[in-house]
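>>> I would like the atomic coordinates for the input below:
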Amino acid sequence: MGHHDLSATPSDTAMSDNSMSDNSMTDGVTQTTELPLYWRADGPPGAPPLLLLHGGPGAHHDYLYPQMRSLSDTYRVITYDQRGGGKSKTDDPTPITWQTQVRDLAQIVTEFGLMPPTIVGYSWGALLAMLYAIQCAKDGDARLAPARLVLVSPAPITRAWRDEFEASLSARGRSATILAMREELAASGLRERDPAAYRQRGFELSVAGYFADPSRSRALTPFRVTGRVQQSVWESLGEFDIRDELRAVHCPTLVIHGRQDPIPLESAAAVAQSLSAEFIALDDCGHVPYVEQPELLFAAIRRFLAESHGSLRSGHAHSTHHDSR
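Purely as a prediction, here's the structure:
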């Protein structure tokens, strides 16, 4: 079927968006994927489109907002809940793999007429964007291949770095700071006095280890991960190492990573090296730069998108490295 008209006005079922009332928001479900997937688009009708991929796997788009929605002042930001998470949950028992997610992404690109797409991927979403780009290179499909990539806090690109990340995150959860925060909550009486506030604080503590300053987790929109999807996707990757495969991908790319991210900085640097990409390391920043260093993050993304506008895939600049302090 034909692709979505991104210049259309919001549908009758569109959710309200009071914080950015001058921008249109519309949502719906996909028509061409194997299973219907929830999508939403924010920003001025007719503006250049960006395809935003959330993390997880097995999560949903909500926790990227409201902060990531700031890009919708000048771009039409399209995102979707990946299969198995959020409003795209399914009762289908078939295991969801990385190949499933790559096929869905290709259908999204086609259905929305984004060829070639500019993709902004966060965490697992950044790894998904890389796996998608690798598959496009293998298939020789220049029509669907990314025109540009922005990879924010990319998930580990080898199994060894993933193991290192899991160990680091676990150790952070046992740190004196976070243990003290947990003890404070347990002794607060909040569970009986205000169950909703207790659950909110419990969520904040569950993700505190991702942040350079654990107290910043208060600013992250709560989300849930569908465990079986997370497990099946990671299992499908096996003993993965995509460094060499990334060298077949040729498009302007920006990689941004926090120095205090539990995901090893070396993994993000290897992404930049394999893709001949620009690499920015953010100080005083963990895994969530859109909460921890939003001004630096969005300034870098906007500059990169402006500078790379109209660039040929084969004509991107050599790798550069920046420290943002």
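
>>> Quickly note the distance from Cys186 to Leu71.
Not Cys; residue 186 is Ala. 39 Å (Cβ to Cβ, to the nearest Å). The C-beta positions use only the backbone N, C-alpha and C, and glycine is treated the same way.

>>> ignore the last one, Val249
23 Å.

>>> repeat for Tyr80
16 Å.

>>> between the two, who's got more neighbours?
Tyr80 (28 against 21; other Cβ atoms under 10 Å).

>>> Once you drop chain neighbours, what's closest to that one?
Sequence neighbours aside, Trp39 is the residue nearest to Tyr80 in space, at 4.0 Å (criterion: Cβ to Cβ, 6 or more residues apart in numbering).

>>> cool, and Asp241?
Leaving aside its chain neighbours, Asp241 sits nearest to Thr158 (4.2 Å; criterion: Cβ to Cβ, 6+ apart).

>>> Please apply the same query to Val207.
Using Cβ to Cβ, 6+ apart and skipping residues adjacent in sequence, the residue nearest Val207 is Ser217, 5.1 Å away.

>>> residues touching the one you found, list them.
The neighbours of Ser217, taking Cβ atoms under 8 Å, 6 or more residues apart in numbering as the test, are Glu204, Leu205, Val207, Ala208, Tyr210, Phe211.

>>> tally of neighbours for Phe304?
Neighbour count for Phe304, taken as other Cβ under 10 Å: 20.

>>> Pro222 now?
For Pro222, using other Cβ under 10 Å, the count is 13.

>>> same deal with Arg191?
With other Cβ under 10 Å as criterion, Arg191 counts 14.

>>> Make 323 the first number, not 1, from now on.
In the new numbering, first residue 323, that becomes Arg513.

>>> Pull the contacting residues for it.
Tyr520.

>>> who's in contact with the nearest residue to Thr543 once chain neighbours are set aside?
Using Cβ to Cβ, 6+ apart and skipping residues adjacent in sequence, the residue nearest Thr543 is Tyr385, 4.5 Å away. Applying Cβ under 8 Å, 6+ apart, we find Tyr385 in contact with His376, Leu542, Thr543, Pro544, Phe545.

>>> Can you list the strands that the helix or strand harbouring the residue nearest to Tyr402 pairs with?
Assigned by DSSP states H and E, Trp361 belongs to strand 360-365. For strand 360-365, the paired strands and their directions (DSSP bridges) read strand 346-351 (antiparallel), strand 398-402 (antiparallel).

>>> Restrict the last one to CA atoms and write it as CSV.
I take that to be strand 398-402. In CSV, the C-alpha atoms belonging to strand 398-402 read as follows (Å, rounded to 0.1, in the frame of the first residue of the first chain):
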residue,chain,number,x,y,z
ARG,A,398,9.2,15.4,11.8
VAL,A,399,10.2,12.8,14.4
ILE,A,400,8.7,9.4,13.7
THR,A,401,9.1,6.6,16.2
TYR,A,402,7.4,3.3,16.9
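
>>> May I see the buried residues of the helix or strand just after that strand?
Where DSSP H and E defines the elements, the next helix or strand beyond strand 398-402 is helix 420-433. Across helix 420-433, burial judged by 16 or more other Cβ atoms under 10 Å covers 420, 422-433.

>>> ok, so what distance separates the residue nearest to Gly406 when sequence neighbours are not counted from Asp349?
Counting by Cβ to Cβ, 6+ apart, Gly406 lies nearest to Val551, which is 3.5 Å off, once chain neighbours are set aside. Separation of Val551 from Asp349 (Cβ to Cβ): 21 Å.

>>> Also Pro574?
29 Å.

>>> Settle it for me: which of these two has more neighbours?
Pro574 (25 against 17).

>>> Check the contact between the more buried one and Ala628; I expect there is one.
No: counting by Cβ atoms under 8 Å, Ala628 is not a contact partner of Pro574; they are 11.5 Å apart.

>>> Verify the contact between Gln429 and Leu357 for me.
No: under the criterion of Cβ under 8 Å, Gln429 makes no contact with Leu357, lying 10.4 Å away.

>>> Helix or strand with the lowest mean pLDDT in the chain?
The least trusted helix or strand in the chain, going by mean pLDDT, DSSP states H and E, turns out to be strand 642-646, with a mean of 56.

>>> pretty sure Ala590 contacts Ala599?
No: the criterion here is Cβ under 8 Å, and Ala590 misses it with Ala599 at 9.8 Å.

>>> who touches both of those two?
Leu473, Val577.
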